[in-house]
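Undergrad: Structure for this input, please:
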Amino acid sequence: MISSEDFSRYDVRTYLVVSLITAFAVWYIKFLWNRKYLYIYSWKVEGPLSFPFLGCGYLLLGINVWKRHRKLLAPSFNHRVLNTAVGVFTEYSVNFAKELQAVVGKKNFDLYAWTIRCTFDLICKTSMGINVDTQKNRGDQGILFERAFEIMSYRMFRVWNHLDFVWYYSPNKKIFDGIYSKLYDLLHPLISKKFIEFKKELSGKHLDAEIEEESLYEKRLPFLDSMLLDPSITEKEVQDEAVAFALAGSETTASSICFLFSLLGLFPEVQQKIYEEMIDILGPDRNVEAFDLPKMKYTERVIKENLRLFPIAALVARRIEEDINLGDVILPAGSSVAFNLLYIHRNPKYWTEPLKFDPDRFLPEEIAKRHPCTFIPFLYGPRNCLGWKYALLNMKIIIATVVREFKIFTEYKSIEEMEVVFHFTIQLKNGPKVWLERRR
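TA: Alright, predicted model coming up:
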């Protein structure tokens, strides 16, 4: 027998559940009704009917906040300022080459783990002015970052995980939060110290005698200094921006270098041309200086061809603010569009023999024949990648240093064998499969 008290409790629970479901259903129907024109347009487009559930605006900064941060950060990444940091890039690249001595002759070593430590040290030093020394300490950033991007991809492509209350109970959230906490715990004390030091400088106070005097590139390059100049920026915003830069800036460059090493092993004649160019410019031992970089014409073409075949940020999404007429269809304002850079970069309509590795596609006369949007590894327009000049400079110096020390080999026999997986960025499904031999 069910007592009247138990029945009453059951009745109240049922009422609450039904009320919540009804409220959600009403809200969702209204959500869809306000976007009914999107479904009308979607019938006219080839492919499955688009049925958006919830937006994912939380993945990106809002336009007003983004504009404010972009304005503050952009000056830290122009050529003039970056060139003052070439000494830092060179120092860390030389350390990277020394670290690689430990894996000479070892096939299929984890190149990504070694590379991410170098790029993580670099992004922290050059963009934030702080030392983390993960190369020296051989930290586990490679595993952490790879797992973080895998989880971000997992959430992105499962729309129910866009709902915070669903994601809150996901095991992956706990793993991701743990990774974020490790990164935050590593950077937080260093950034907080810099935050205090910078505020003292601005107030005219002398820094503690134990703090080393910063050189010119450290004073001018770090974006933290640029952000701290704005009194409206909170320390929390600085911390969040720092973690985002550290994660995105190091992972993308490291992954791109892994692709590039595999391609250099696959095409030894290209690798030899880069080596000869570096010997002509630098000789066997001299470190790279800023005035050397514009002379690395062939190396830059190789890097760009690598980015054409393997654009790291391969999936791009944008919100449409006004109707776009494509001829047979109209993309309506308020909708979102996603496109795959691999499709653009390997489209035979724009590229002859698209899977052929040919750095000469980026000779000036060849570039002039193509629409600029046929090659957009760093995206296009006002919301393009802020650090594209940084990435190219970084890769040039690392390649210039490593290729003079080692010959690079790979087990891959063709570009077709180099399968990729999407973990927010693209990565080699089976790893770079490279090994190194000393040149001397």
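Undergrad: which stretches of the stretch 51-200 of the chain form helices?
TA: Assigned by DSSP state H, counting those that start in this stretch, the stretch 51-200 of the chain shows helices spanning 63-73, 79-83, 86-100, 111-128, 134-137, 141-156, 164-167, 171-202.
Undergrad: Give me the angle between the third one and helix 111-128.
TA: With axes from the mean of the first three to the mean of the last three CA atoms, to 10 degrees defining the directions, helix 86-100 sits at 160 degrees from helix 111-128.
Undergrad: What residues sit buried inside helix 86-100?
TA: For helix 86-100, the neighbour count (16 or more other CB atoms under 10 Å) marks 86-90, 92-97, 99-100 as buried. For the C-beta atoms, the positions are set from N, CA and C on the backbone; glycine is no exception.
Undergrad: still on that earlier bit, residue 305: which of the helices of the stretch 51-200 of the chain is closest?
TA: The minimum distance between residue 305 and the helices of the stretch 51-200 of the chain falls on helix 111-128, with 19.3 Å, by CB to CB.
Undergrad: and the closest one, how far out from the chain's middle?
TA: 12 Å (CA atoms, centre = their mean, to the nearest Å).
Undergrad: which of the residues in it are buried?
TA: Neighbour-count burial for helix 111-128 [16+ other CB under 10 Å]: 111-128.
Undergrad: can you check stretch 257-273 too?
TA: Residues 257-267, 270-271, 273 are the ones in stretch 257-273 that count as buried (16+ other CB under 10 Å).
Undergrad: Endpoints of that stretch, how far apart?
TA: The first and last residues of stretch 257-273 sit 18 Å apart, counting by CA to CA, to the nearest Å.
Undergrad: And the contacts of it?
TA: Counting contacts by CB atoms under 8 Å, 6 or more residues apart in numbering, the residues outside stretch 257-273 that touch it are 111-112, 115, 119, 274, 298, 302-303, 306, 309-310, 312, 357, 359, 395, 398-399, 403, 407-410, 412-415, 418, 427-428, 431-434.
Undergrad: again, only this time at 7 Å
TA: 111-112, 115, 298, 302-303, 306, 310, 357, 359, 395, 398-399, 403, 408-410, 412, 418, 428, 432-434 (CB atoms under 7 Å, 6 or more residues apart in numbering).
Undergrad: Let's see which of those residues end up in strands.
TA: Among those, DSSP state E puts 408-410, 428, 434 in strands.
Undergrad: any idea which of these is the one closest to residue 162?
TA: The closest of the ones in strands among the contacts of stretch 257-273 to residue 162 turns out to be residue 428 (CB to CB; 28.2 Å).
Undergrad: give the contact list for the closest one.
TA: Residue 428 touches 258-259, 262, 418, 420, counting by CB under 7 Å, 6+ apart.
Undergrad: likewise residue 172?
TA: Residue 172 sits next to 151, 154 when contact means CB under 7 Å, 6+ apart.
Undergrad: roughly how far apart are it and residue 309?
TA: According to CB to CB, to the nearest Å, residue 172 and residue 309 sit 30 Å apart.
Undergrad: Quick check: phi and psi on residue 325?
TA: Residue 325 adopts backbone torsions of phi -90, psi 110, taken as degrees, to the nearest 10.
Undergrad: what's the neighbour count on it?
TA: By the measure other CB atoms under 10 Å, the count of residues near residue 325 is 8.
Undergrad: residue ranges with poor pLDDT in the stretch 301-440 of the chain?
TA: Along the stretch 301-440 of the chain, segments meeting pLDDT under 70 are nowhere present.
Undergrad: Show me the helices in it, by range?
TA: Ranges of helices in the stretch 301-440 of the chain, per DSSP H, counting those that start in this stretch, are 341-345, 364-367, 388-402.
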